[in-house]
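Enquirer: need a 3D model of the sequence below.
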Amino acid sequence: MNPEIRFRVQPEIYQMADRRAQDLGLSGAEAGKSAGVPLLARAALYQWLGLAWPEDLPRPKEGPPRVLPQGQACVTVHHSLSENYRRLCLEVQGQALPAACVTMLELDARSAPADIRRCLRLDEEGRLSGTLHLLEWETEGPVDLQQLNRFLAERGANCSPLEAGEWQQMLASWSQEHGSELLRARLEEGFSWLALAEQEWLDWRIQQALGERLSFEELRAEQSLAGPDWVHSLYPDREPSLERIQLLRGIRLKCQEIPGLRLALVKGSRERIESRRRTSEPPFTAVLWQLHSPTGRQIGLLSHISK
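Expert: You can find the predicted model right below:
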């Protein structure tokens with residue numbers, strides 16, 4: 001791949017593109033070894049410009065989507081790689097690995113732990129799939145289902161003991177008294193309100209515990225945040241300063257009454273999009289707040305409080 005282009009692309013994105021190129025048959029004998037990613041990028045550019053598929057590019061090998069057996073589900077686990085493992089891979093194999101890692105696991109949804117079942121949803125093709133964000137989990141490489149189950153068991157209960165129905169009733173009552181005008185209007189008019197109520201409740205609960213007002217951004221499911229004119233990504237902060245560690249400890253102490261709340265120190269990078277151009281902004285540090293609700297949704301908030 002063109003070194004200049006590869007320099008601008010994060011390693012995990014490049015690996016994802018490489019896997020997609022192989023799925024489409026854009027690598028191998030027809031395309032040449034390691035040529036799949038630039039071919040995929042070129043085809044995407046043609047499509048973005050509204051042009052026909054390039055005649056000298058091999059056509060994608062389309063096939064029927066893989067059908068999971070009945071009761072099976074696919075779970076995407078976002079976790080971290082330990083510093084020792086990354087150093088070993090670099091020294092022994094000459095392979096530089098990113099701090100964040102993604103592992104895809106297939107499992108039987110009927111016997112999966114509650115933490116996993118809560119995140120499962122039906123996708124557009126009717127298959128069960130879900131995502132777990134476990135940035136605080138440092139592993140020695142990709143994980144298997146047994147390791148994931150052990151980690152979830154050791155972490156213990158991570159949500160309120162309320163059942164889903166009781167949780168919704170509690171949120172409905174809370175929304176009438178403490179919710180925003182938008183939330184109350186959605187609830188009163190019968191629009192979808194639960195996701196917004198869960199986010200506002202966690203925001204309110206944190207403010208009550210800390211005794212101060214914080215500004216939050218919502219964490220999207222893909223582990224990055226995006227707006228109409230900017231994008232940015234998050235990475236675990238593996239070498240925080242003493243001040244930031246003390247900040248984390250203070251927050252954890254004040255918020256210990258919020259059941260299932262998980263805290264992490266993260267770093268972020270942001271780029272603004274202006275007229276199809278991206279301008280990098282200074283990196284930042286922040287605190288990531290995560291909580292699983294009894295309805296199965298993972299709530300994520302980001303606060304830019306740092307030292």
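Enquirer: rest of the way, CA atoms for contacts and neighbours
Expert: Fine.
Enquirer: run through the neighbouring helices and strands of the longest helix seen in the chain.
Expert: Of all the elements of type helix in the chain, the one with the most residues (DSSP state H) is helix 194-210. Counting by 3 or more CA pairs under 8 Å, 6 or more residues apart in numbering; DSSP states H and E, the packing neighbours recorded for helix 194-210 are helix 164-178, helix 242-254, strand 298-303.
Enquirer: Throw those into CSV and include mean pLDDT and distance to Ser80, thanks.
Expert: Compiled in CSV, the helices and strands packed on helix 194-210 are given as follows (pLDDT from 0 to 100; distance: least, CA to CA, whole Å):
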stretch, mean pLDDT, distance to Ser80
helix 164-178, 86, 30
helix 242-254, 89, 19
strand 298-303, 83, 17
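Enquirer: right, and Leu248 touches Leu265 too?
Expert: Yes - taking contacts as CA atoms under 8 Å, Leu248 lies within contact range of Leu265: 7.4 Å.
Enquirer: quick one: residues in contact with the longest helix of the chain.
Expert: For helix 194-210, contacts defined as CA atoms under 8 Å, 6 or more residues apart in numbering pick out 168, 171-172, 174-175, 179-180, 183, 213-214, 216, 218, 251, 254-255, 258, 293, 297, 299-300.
Enquirer: how about the helices in the stretch 51-200 of the chain?
Expert: 83-88, 114-117, 145-155, 164-178, 181-189, 194-210 (DSSP state H, counting those that start in this stretch).
Enquirer: to Glu106, which of the ones you listed lies closest?
Expert: Distances from Glu106 to each of the helices of the stretch 51-200 of the chain were compared using CA to CA; the shortest belongs to helix 145-155, at 8.1 Å.
Enquirer: list the buried residues for the closest one?
Expert: Neighbour counts using 16 or more other CA atoms under 10 Å place Leu148, Leu152 of helix 145-155 among the buried residues.
Enquirer: likewise stretch 272-292?
Expert: Of the residues in stretch 272-292, those with enough neighbours to count as buried (16+ other CA under 10 Å) are Arg272, Thr285, Ala286, Val287, Leu288, Trp289, Gln290, Leu291, His292.
Enquirer: and for stretch 173-185?
Expert: By neighbour count, with 16+ other CA under 10 Å as the criterion, the buried positions of stretch 173-185 are Ser175, Gly179, Leu183, Arg184.
Enquirer: the third one and Pro113, how far apart?
Expert: When distances are taken as CA to CA, to the nearest Å, Leu183 and Pro113 turn out to be 32 Å apart.
Enquirer: neighbours of Leu210, how many?
Expert: Using other CA atoms under 10 Å, Leu210 has 15 neighbouring residues.
Enquirer: cool, Leu132 as well?
Expert: Leu132 has 20 neighbours, counted by other CA under 10 Å.
Enquirer: so how far is Trp174 from it?
Expert: Here the distance between Leu132 and Trp174 works out to 27 Å (CA to CA).
Enquirer: again, but for Glu83
Expert: If you measure Glu83 against Trp174 using CA to CA, the figure is 43 Å.
Enquirer: now stretch 195-210: how far from the chain's centre is it?
Expert: 20 Å (CA atoms, centre = their mean, to the nearest Å).
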